[in-house]
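**Student:** Model the structure of this input:
(chains A and B)
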Amino acid sequence: GAVVSQHPSWVICKSGTSVKIECRSLDFQATTMFWYRQFPKQSLMLMATSNEGSKATYEQGVEKDKFLINHASLTLSTLTVTSAHPEDSSFYICSARVRDREIGEQYFGPGTRLTVT
Amino acid sequence: SQKIEQNSEALNIQEGKTATLTCNYTNYSPAYLQWYRQDPGRGPVFLLLIRENEKEKRKERLKVTFDTTLKQSLFHITASQPADSATYLCALGTGGGNKLTFGTGTQLKVEL
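**Tutor:** Predicted structure coming up:
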């Protein structure tokens, strides 16, 4: 149980376009989902926390107008990178917290590799 | 400043030995600490969680210790296997909302 999927697994887009990444909890309800980005050989950096039915909470330094997050249901959160630029190229990973499961335990998606040309 | 430090150099050990990975932190007061495994190009996989009032936790070949005085956690894999080769991340549960702050990870290589 506790499987999280992401789609797409990789995407290449041109500079200036927008890209949407989906994060789904397949077999559980996720009260909270998190979005991270990871650069090569670096750790995961939390971008934002997404709660179902409410606005996302962004970490300091993350532009909320650039990284649009929507958590429309207990099983789906989306991250849209708007007007993407080459510096947005990264590995984006979502995670979900299982409702009623031990506090803090998160399940991660497989990640989405974004390359902006 | 706040820091979470893990051995930046790769740890190479022989199959069957015990691997010990270290996670040190400064200027945090975590309610809990977690360990994850990450394979190249994949998302992290949850392994173990230990709370601030727990000293040790075990799961099969894995053992985690948590010393809030030393501000350190040790992660042990006994009877290591080549399949254990991966990057291991520690993460602190900090602040509200169950946010996690990750260390940079230690790459483990188990050789035959």
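
**Student:** List the contacts of residue 110.
**Tutor:** Unless you meant another one, I'm taking chain A. A:5-6, A:9, A:93, B:42-43 (CB atoms under 8 Å, 6 or more residues apart in numbering or on different chains). Every residue, glycine included, has its C-beta placed from N, CA and C.

**Student:** let's do chain B instead
**Tutor:** B:13-15, B:19, B:80-85.

**Student:** same check, this time on A:I69
**Tutor:** A:35, A:48, A:50, A:56, A:77-80.

**Student:** Low-confidence regions, chain A specifically.
**Tutor:** Applying pLDDT under 70 to chain A flags the ranges A:1, A:99-104.

**Student:** Residue numbers of chain A in contact with chain B?
**Tutor:** Residues of chain A lying close to chain B by CB under 8 Å from any CB of the partner chain are A:4, A:6, A:32, A:34, A:42-46, A:49, A:57, A:91, A:93, A:95, A:97, A:102-111, A:113.

**Student:** Excluding sequence neighbours, find me the nearest residue to the residue of chain A at minimum distance from chain B.
**Tutor:** Among the residues of chain A, A:F108 lies closest to chain B, at 3.5 Å counting by CB to the nearest CB. Closest residue in space to A:F108, ignoring its immediate chain neighbours: B:G43 at 3.5 Å, by CB to CB, 6 or more residues apart in numbering or on different chains.

**Student:** Tell me the buried residues within the contacts of A:P110.
**Tutor:** Neighbour counting with 16 or more other CB atoms under 10 Å in any protein chain shown marks A:6, A:93, B:42-43 as buried within these.

**Student:** Which pair of these spans the longest distance?
**Tutor:** A:Q6 and B:R42 (10.7 Å; CB to CB).

**Student:** shared neighbours, these two?
**Tutor:** Common neighbours of A:Q6 and B:R42, using CB under 8 Å, 6+ apart, are A:110-111.

**Student:** ok so, going back, with respect to A:S73, which of the contacts of A:P110 is nearest?
**Tutor:** Closest approach between the contacts of A:P110 and A:S73, by CB to CB: A:S5, at 14.2 Å.

**Student:** Just checking, which helix or strand of chain B averages the lowest pLDDT?
**Tutor:** strand B:99-102 (a mean of 88; mean pLDDT, DSSP states H and E).

**Student:** Next secondary structure element downstream of that one?
**Tutor:** Counting by DSSP states H and E, the element after strand B:99-102 in chain order, helix or strand, is strand B:106-111.

**Student:** Output the below-cut-off pLDDT ranges for chain B.
**Tutor:** B:95-97.

**Student:** got a list of what the residue of chain B found nearest chain A touches?
**Tutor:** Scanning chain B for the residue nearest chain A gives B:G43, at 3.5 Å (criterion: CB to the nearest CB). Applying CB under 8 Å, 6+ apart, we find B:G43 in contact with A:4, A:6, A:93, A:95, A:108-111.

**Student:** and of these, the nearest to B:K59?
**Tutor:** Proximity of those to B:K59 (CB to CB) peaks at A:F108, which lies at 18.0 Å.

**Student:** ranges for the strands of the chain?
**Tutor:** Since you didn't name a chain, this refers to chain A. A:4-7, A:10-13, A:19-25, A:30-38, A:44-51, A:57-58, A:67-73, A:76-81, A:90-98, A:106-108, A:112-116 (DSSP state E).

**Student:** Switch to chain B, please.
**Tutor:** Using DSSP E, the strands of chain B run over B:3-6, B:11-14, B:19-26, B:32-38, B:45-51, B:56-59, B:62-67, B:72-77, B:86-94, B:99-102, B:106-111.
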